[in-house]
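Engineer: okay, predicted coordinates and the sequence, questions at the end:
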Number of protein chains: 4
Amino acid sequence: MNQTAPQGRNEKERVICQAALKIIKEKGYHRARISDIAREAGISYGLVYHYFRNKADLFDMILRQWWEGLFQLMEEIDQKEQDPAEKLKQLILYFFDTYQADPERVNVFITEISRSTANLTQGRLNYFKECMSRMKGLIQEGQASGTFRSDLNPRYLTYIFLGAIETFLSAMVLEDQKIKGDAQKARIADTILEVFLNGAGNPGERS
Amino acid sequence: MNQTAPQGRNEKERVICQAALKIIKEKGYHRARISDIAREAGISYGLVYHYFRNKADLFDMILRQWWEGLFQLMEEIDQKEQDPAEKLKQLILYFFDTYQADPERVNVFITEISRSTANLTQGRLNYFKECMSRMKGLIQEGQASGTFRSDLNPRYLTYIFLGAIETFLSAMVLEDQKIKGDAQKARIADTILEVFLNGAGNPGERS
Amino acid sequence: MNQTAPQGRNEKERVICQAALKIIKEKGYHRARISDIAREAGISYGLVYHYFRNKADLFDMILRQWWEGLFQLMEEIDQKEQDPAEKLKQLILYFFDTYQADPERVNVFITEISRSTANLTQGRLNYFKECMSRMKGLIQEGQASGTFRSDLNPRYLTYIFLGAIETFLSAMVLEDQKIKGDAQKARIADTILEVFLNGAGNPGERS
Amino acid sequence: MNQTAPQGRNEKERVICQAALKIIKEKGYHRARISDIAREAGISYGLVYHYFRNKADLFDMILRQWWEGLFQLMEEIDQKEQDPAEKLKQLILYFFDTYQADPERVNVFITEISRSTANLTQGRLNYFKECMSRMKGLIQEGQASGTFRSDLNPRYLTYIFLGAIETFLSAMVLEDQKIKGDAQKARIADTILEVFLNGAGNPGERS
DNA sequence: CATGAATGAGCGTTCATTCAT
DNA sequence: CATGAATGAACGCTCATTCAT
């Protein structure tokens, strides 16, 4: 069995999710019709219900994939013995790597997940809290080790760091930009990290 | 006719917009029914159509109010002769002041406007570009005057700065937090500005 | 305002219920489409939802009307000072009168209410129990006064009496018969009462 | 091949019918899904279509089984030389015996067959007419032999007799009752027959 | 200005049925 | 025989919008 051949249930689910990402990216969750998604996936709309209980369920699957991918990375980062600043850099790169590989997924995260309050079930909110909590741990670790300033509330630092990443992605998403090559990606990541660590202020002016 | 008395058409529009903000905050734009908004505003739903051509029009009004409020502030900031860092601080405070005074408005901005790609008409997109452009001007002015480092892409700095504010607000919005007093507000604003200017890195560690 | 003029909400609800009765009679509850009912009522299907929350709600209204009509009669019968046998006769006549005046209503009672177990909510079941309980009271009263035999279980007698009426109606419903004149109605009522009181057995043969 | 072993096609059909009866009893014909029935029968839903052309066909089979069982009994009763009253008693017992042995079958008869007007095809209607006709024959025979009063319309007597049985069963079906032992069964049968023959009226009061 | 009855496009979802394997 | 993936007709219901009063 080669790599492109259909692989049963999981493969079909993957195709449907990918189609859903594309349609949701184009129209938003509410305007995305099951029939649009099915057409995009090359199947009849009835079949979507063979694989997902309903529209919300399909969306939950997408959501789960997103968060679990992120949590897995955080887990891996946590295991490694390395500089907290380096860990942040890997996190930044993860977002931009994912954007290069699967821009629709990041788009949907930015537009439909990261801010969506309207469809926020308890389960969905827990993902946020989990994410924030893990990030804060990372920051606090850096404060303990002396990499980051300890005079600032770690929660605030977490917000600022994540906000920088998110808004970068947002701007690209809103203007439907592509990241032009790995060089630009590295430059963006470096800028975010540089500003976060050393600030945008002119050192020559510092008192 | 005194200033606090109802003032006919404009007053009614204001009431409807405020009701719309509340409902959209609770249910999101798509789930917000005209009838919900009308009930919240204490009028019949047919009357909404006397004041607004349709639902999109009502939403556009809210959007316009938001952006024009922001642009007006930027205009005022621009006029004044003062330190670019001070200007940024005023911008930060504007967001948090507004959140204190009218949390629903900020909530809707965060959840339905700042990221919404689904309902993005050309006109709406232009607001973003205008905002980004003005912000970039502010940053560039600071770079020119030596307040900000010139070795960093001003667009990137803009993203990072706005992202920090947005994510702070997002976190509060998602968890339905209130800002506890002006002291907390000042602390948040200071942290954002401090990190943006001087970074989160520990100075003692800097090479 | 004359008698046939529309009389607002209640009148519209009545028209919709009557249309629903006709369609449900023809196709059964499950096959009865809201759009059929609306067309029959001469309105758009959306309007049905102005007056009833949903299909089940509309059906519940019909159900309530049926049972409350019946209970009201029982109440009236109960008030009067008269022979229990006479009371039974009035009950019989009520069913057949209703069948003459509004055959669809009785049809739906027979085919969709009196036996329907599939859609039996607790509320609906309570109507049955209430009906059975009132009927049993009537029978027991007759047993106490010596009109009916006391050696038979009053619940059983209730079943037999109601069964006789129901099956008569069923046969007419199934074959879409009309009651031909008041004479036939009286003959049917008399037969039911006569058999219930004196039996179908030949007196000459009685031991 | 012995009698209790599976017997291929027929045995499978039987299993499916029995599963269908259970599901239809629980949810009614319209709500009963082929997939429910298949799961209950322990087979895949596609297989149902090997044994039955479609859902209506499966239901027709159940219907046929019911009526043919009843007609066969009537045939047997007809053959025997015995008192018409005794024949009626056997008929009554047949219903209650069947209810004891296969309550789902009787339940479906009561709720989905005996009154169903919605799905009434010509073929299905004919079963009713056949049943009524045979019953009427039995009654008329009794009238001819002097067991039953001749002054009453035999069709009416048929209705009353069948109605008594049906309503008894209905009450049990609606309240999901079991018949508690053969004693209760005999008591019910005796009551029905006694009332049908001699009436519920108090003999002492008879003029 | 104000009301709410009326309309109907639109969409999610169900489920009987077919058919390739 | 047996499976269950695939299809699509069908229908309940929502809600923005119009308009007579």
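Structural biologist: In hand now; what should we look at?
Engineer: contacting residues around the top helix by length along chain A?
Structural biologist: Criterion DSSP state H: the longest helix present in chain A is helix A:55-79. With contacts defined as C-beta atoms under 8 Å, 6 or more residues apart in numbering or on different chains, helix A:55-79 is touched by A:13, A:16-17, A:20-21, A:24, A:29, A:34, A:37, A:48, A:52, A:87, A:90-91, A:94, A:98, A:105, A:108-109, A:113, A:119, A:123-124, A:127, A:130-131, A:134-135, A:137-138. Backbone N, C-alpha and C define where each C-beta goes, glycine included.
Engineer: now with 6 Å?
Structural biologist: A:17, A:20, A:52, A:87, A:90, A:94, A:109, A:127, A:134 (C-beta atoms under 6 Å, 6 or more residues apart in numbering or on different chains).
Engineer: domain-wise, how is chain A divided?
Structural biologist: A:7-52, A:59-199 (automatic domain parsing).
Engineer: mean pLDDT for those: which is lowest?
Structural biologist: When the domains of chain A are compared by mean pLDDT, domain A:59-199 comes last with a mean of 89.
Engineer: what is the end-to-end distance of it?
Structural biologist: Counting by C-alpha to C-alpha, to the nearest Å, you get 38 Å between the two ends of domain A:59-199.
Engineer: contacting residues around residue A:185?
Structural biologist: So residue A:185 contacts A:96, A:179 (C-beta under 6 Å, 6+ apart).
Engineer: list the buried residues for the particular helix or strand that has residue A:89 in it?
Structural biologist: Per DSSP states H and E: residue A:89 is located in helix A:84-101. Across helix A:84-101, burial judged by 16 or more other C-beta atoms under 10 Å in any protein chain shown covers A:84-85, A:87-99.
Engineer: stretch A:64-80 now?
Structural biologist: If you call a residue buried by 16+ other C-beta under 10 Å, then stretch A:64-80 has these buried ones: A:66-67, A:70, A:73-74, A:77.
Engineer: can you report how many residues lie near the closest residue to DNA strand F within chain A?
Structural biologist: As assessed by C-beta to the nearest atom of the strand, DNA strand F sits closest to residue A:46 within chain A, at 1.9 Å. The tally of other residues near residue A:46 (other C-beta atoms under 10 Å in any protein chain shown) stands at 10.
Engineer: I'd like to know how far it sits from DNA strand E.
Structural biologist: 4 Å (C-beta to the nearest atom of the strand, to the nearest Å).
Engineer: so which residues make contact with stretch A:132-146?
Structural biologist: A:74, A:84, A:87, A:148, A:150, A:154-155, A:157-158, B:202.
Engineer: could you turn the buried ones of those into a PyMOL selection?
Structural biologist: This is how PyMOL selects the buried members of the contacts of stretch A:132-146, with burial counted by 16+ other C-beta under 10 Å:
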select buried, (chain A and resi 74+84+87+148+154+155+157+158) or (chain B and resi 202)
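Engineer: you'd agree residue A:179 is in a helix?
Structural biologist: No: counting by DSSP: H, G, I helix; E, B strand; the rest coil, residue A:179 is not found in a helix; it is coil.
Engineer: can you give me phi and psi for it?
Structural biologist: phi -80, psi 120 (degrees, to the nearest 10).
Engineer: was I right to think residue A:165 contacts residue A:95?
Structural biologist: Yes: here residue A:165 lies in contact with residue A:95, judged by C-beta atoms under 6 Å, at a distance of 5.4 Å.
Engineer: residues from chain A in reach of chain B?
Structural biologist: A:27-28, A:30-31, A:110-111, A:115, A:117-118, A:146, A:148-149, A:152, A:156-157, A:159-160, A:162-164, A:166-168, A:170-171, A:191, A:195-202 (C-beta under 6 Å from any C-beta of the partner chain).
Engineer: check the gap between residue A:21 and residue A:131 for me.
Structural biologist: 20 Å (C-beta to C-beta, to the nearest Å).
Engineer: okay, those two: which has more neighbours?
Structural biologist: residue A:21 (25 against 17).
Engineer: let me see the contact set for that one.
Structural biologist: A:104-105, A:108.
Engineer: and it, what element?
Structural biologist: For residue A:21, the element it lies in under DSSP H and E is helix A:9-31.
Engineer: what helices or strands is the following helix or strand past that helix leaning on?
Structural biologist: The helix or strand immediately downstream of helix A:9-31 is helix A:34-41, counting by DSSP H and E. The contact analysis (3 or more C-beta pairs under 6 Å, 6 or more residues apart in numbering or on different chains; DSSP states H and E) places helix A:34-41 against helix A:9-31, helix A:45-51.
Engineer: report the contact partners of residue A:191.
Structural biologist: B:152, B:156.
Engineer: one more time with 7 Å
Structural biologist: Listed by C-beta atoms under 7 Å, 6 or more residues apart in numbering or on different chains, the contact set of residue A:191 reads B:152-153, B:156.
Engineer: now do the SS call for it.
Structural biologist: Assignment for residue A:191 (three-state DSSP): helix.
Engineer: ok, back up a step: now, the contacts of stretch A:132-146 that are in helices?
Structural biologist: Using DSSP H, the contacts of stretch A:132-146 in helices are A:74, A:84, A:87, A:154-155, A:157-158.
Engineer: which strands and helices lie in contact with whichever strand or helix holds residue A:104?
Structural biologist: Using DSSP H and E, residue A:104 sits in helix A:103-108. When contacts are defined as 3 or more C-beta pairs under 7 Å, 6 or more residues apart in numbering or on different chains; DSSP states H and E, helix A:103-108 packs onto helix A:9-31, helix A:84-101, helix A:154-174.
Engineer: next SSE after that helix?
Structural biologist: helix A:122-144.
Engineer: let's see that next one as PDB, backbone CA atoms only.
Structural biologist: Extracted in PDB, the C-alpha atoms of helix A:122-144 (Å, rounded to 0.1, in the frame of the first residue of the first chain):
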ATOM      1  CA  GLN A 122     -16.500  24.400  28.500                       C
ATOM      2  CA  GLY A 123     -14.400  21.800  26.800                       C
ATOM      3  CA  ARG A 124     -13.100  24.300  24.300                       C
ATOM      4  CA  LEU A 125     -12.300  26.800  27.000                       C
ATOM      5  CA  ASN A 126     -10.200  24.200  28.800                       C
ATOM      6  CA  TYR A 127      -7.900  24.000  25.900                       C
ATOM      7  CA  PHE A 128      -7.200  27.700  26.300                       C
ATOM      8  CA  LYS A 129      -6.500  27.500  29.900                       C
ATOM      9  CA  GLU A 130      -4.300  24.500  29.400                       C
ATOM     10  CA  CYS A 131      -2.300  26.400  26.800                       C
ATOM     11  CA  MET A 132      -1.900  29.500  28.900                       C
ATOM     12  CA  SER A 133      -0.900  27.400  31.900                       C
ATOM     13  CA  ARG A 134       1.800  25.600  30.000                       C
ATOM     14  CA  MET A 135       3.100  28.800  28.500                       C
ATOM     15  CA  LYS A 136       3.200  30.400  31.900                       C
ATOM     16  CA  GLY A 137       5.200  27.500  33.200                       C
ATOM     17  CA  LEU A 138       7.700  28.100  30.500                       C
ATOM     18  CA  ILE A 139       8.100  31.700  31.300                       C
ATOM     19  CA  GLN A 140       8.300  31.000  35.100                       C
ATOM     20  CA  GLU A 141      11.000  28.500  34.400                       C
ATOM     21  CA  GLY A 142      12.900  31.200  32.600                       C
ATOM     22  CA  GLN A 143      12.400  33.700  35.400                       C
ATOM     23  CA  ALA A 144      13.700  31.100  37.900                       C
END
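Engineer: may I see the buried residues of that helix?
Structural biologist: Buried-residue list, helix A:122-144, by 16+ other C-beta under 10 Å: A:124, A:127-128, A:131-132, A:134-136, A:138-140, A:142-143.
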